[in-house]
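Q: predicted coordinates and the sequence they were generated for:
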Amino acid sequence: MQKSVTRYFFPHEFIEANWRLWSFIIIIALGSWALITYPVAPFHGYIDPFYSPTVLIVPIPGLFRLTCYAYRKDYHRHLFHHPLACENAQREDAPSRKYTGEKNAIFQFENLHRYLLYTGILLLPFFYYDFYKSLTYADSLRIGSLIILANALALTAWTLSCHAFRHLIGGNIDCYSCATLGGPRNIVWRVQSWWNSHHEALAWISLLTIFFTDLYLRGLSAGLPLDGTLFKF
Ligand code: FES
């Protein structure tokens, strides 16, 4: 009998279905990264995402990511088992532990996310500056420049698809779809809403691109022949 094959179109679908395996991969990846981590100095015009000016304030983008709703959903449901789902007041394995809404300190802290969004937006130009620096180093487009650009685009897509950003551009009105219907704000909100529907996938993709870029640049600085010039200006 032919075995059916499950196809996952987005990373979060795979994560939901293979949560234990994914947790193991993340722990190994973060643990390995913590062991080898040291600042990778700019190398041939390439600036590592962990070395660029953002590294000075890394706790802030770190908190921005930690309080992202995409990750909150995963660690509350799968790690804390509390709450197990939206409006789930009861923990199956600990009935006495009720979910009381977003009143406790952890939830209140997580709600600072809407302010951390501003810092996330402010940091985005630095990643494009890193791309620009990589182009001007040898007046050429190299493979490493494309990887840095891909990382910048992934971070932009993740940041601008944020739920808090959706509220920022479309909120504070009683009716999203009617009060500004057809106006520029409504159009931007509709586009962002579509984008926002992919936020969870973008959260994981952008996390992977940061680590991939970091590893790629570490490989280059270690002497691996991973780079090449695509064309000269
Ligand atoms: Fe994920 Fe804001 S909800 S970045």
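A: Perfect, thanks for sending it.
Q: list the buried residues in stretch 200-216.
A: 200-207, 209-211, 213-216 (16 or more other C-beta atoms under 10 Å). Every C-beta, even on glycine, is put in place using the N, C-alpha and C of the backbone.
Q: which one of those residues is nearest the ligand?
A: Set against the ligand, the nearest of the buried residues of stretch 200-216 by C-beta to the nearest ligand atom is Ala203 (5.6 Å).
Q: residues making contact with the helix or strand containing the closest one?
A: In this structure, Ala203 sits in helix 199-221 according to DSSP states H and E. Residues outside helix 199-221 that contact it (C-beta atoms under 8 Å, 6 or more residues apart in numbering) are 10-12, 15, 29, 33, 36, 40-41, 43-44, 46, 48-50, 65, 68-71, 73, 144, 147-148, 150-151, 154-155, 157-158, 161-163, 226-227.
Q: could you give me the average pLDDT of the following helix or strand past that helix?
A: Downstream of helix 199-221, the first helix or strand assigned by DSSP H and E is strand 229-232. For strand 229-232, mean pLDDT is 89.
Q: got it, and stretch 199-212?
A: Here stretch 199-212 scores 91 as its mean pLDDT.
Q: next: stretch 85-95.
A: The pLDDT scores in stretch 85-95 average 61.
Q: and the buried ones among the contacts of helix 199-221, selectable in ChimeraX?
A: To isolate the buried members of the contacts of helix 199-221 in ChimeraX, using 16+ other C-beta under 10 Å:
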select :11,12,15,40,43,46,48,49,50,65,68,70,71,73,144,147,148,151,154,155,157,158,161,162,227
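Q: out of the contacts of helix 199-221, which touch the ligand?
A: Contacts with the ligand within these, counted by C-beta under 6 Å from any ligand atom: Cys68, Tyr69, Ala70, Cys162, His163.
Q: so which of the residues you listed sit within helices?
A: In helices, defined here by DSSP state H, the members of those are Tyr69, Ala70, His163.
Q: let's have the residues you listed in TSV, adding pLDDT and distance to His82.
A: Putting these into TSV (pLDDT from 0 to 100; distance: C-beta to C-beta, whole Å) gives the following:
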residue	pLDDT	distance to His82
Tyr69	90	16
Ala70	88	18
His163	93	21
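Q: which of these sits closest to Ser140?
A: Checking these against Ser140 with C-beta to C-beta, the nearest one is Ala70 at 36.5 Å.
Q: which stretches of the protein form helices?
A: 11-17, 19-36, 59-66, 69-74, 105-110, 113-137, 143-160, 163-170, 184-196, 199-221.
Q: elements contacting the fourth one?
A: Contacts defined by 3 or more C-beta pairs under 8 Å, 6 or more residues apart in numbering; DSSP states H and E place helix 69-74 against helix 199-221.
Q: so, low pLDDT: which residues of this structure?
A: 1-17, 30-40, 52-58, 86-101, 171-182 (pLDDT under 70).
Q: tell me which parts of it are close to the ligand?
A: Selection of the chain residues close to the ligand by C-beta under 6 Å from any ligand atom yields Cys68, Tyr69, Ala70, His113, Leu117, Cys162, His163, Ala164, His199, Ala203.
Q: any chance of the residues you listed in JSON lines, with distance to Glu102 too?
A: What follows is the residues of the chain next to the ligand, written out as JSON lines (distance: C-beta to C-beta, whole Å):
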{"residue": "Cys68", "distance to Glu102": "15"}
{"residue": "Tyr69", "distance to Glu102": "12"}
{"residue": "Ala70", "distance to Glu102": "17"}
{"residue": "His113", "distance to Glu102": "12"}
{"residue": "Leu117", "distance to Glu102": "17"}
{"residue": "Cys162", "distance to Glu102": "18"}
{"residue": "His163", "distance to Glu102": "14"}
{"residue": "Ala164", "distance to Glu102": "14"}
{"residue": "His199", "distance to Glu102": "19"}
{"residue": "Ala203", "distance to Glu102": "20"}
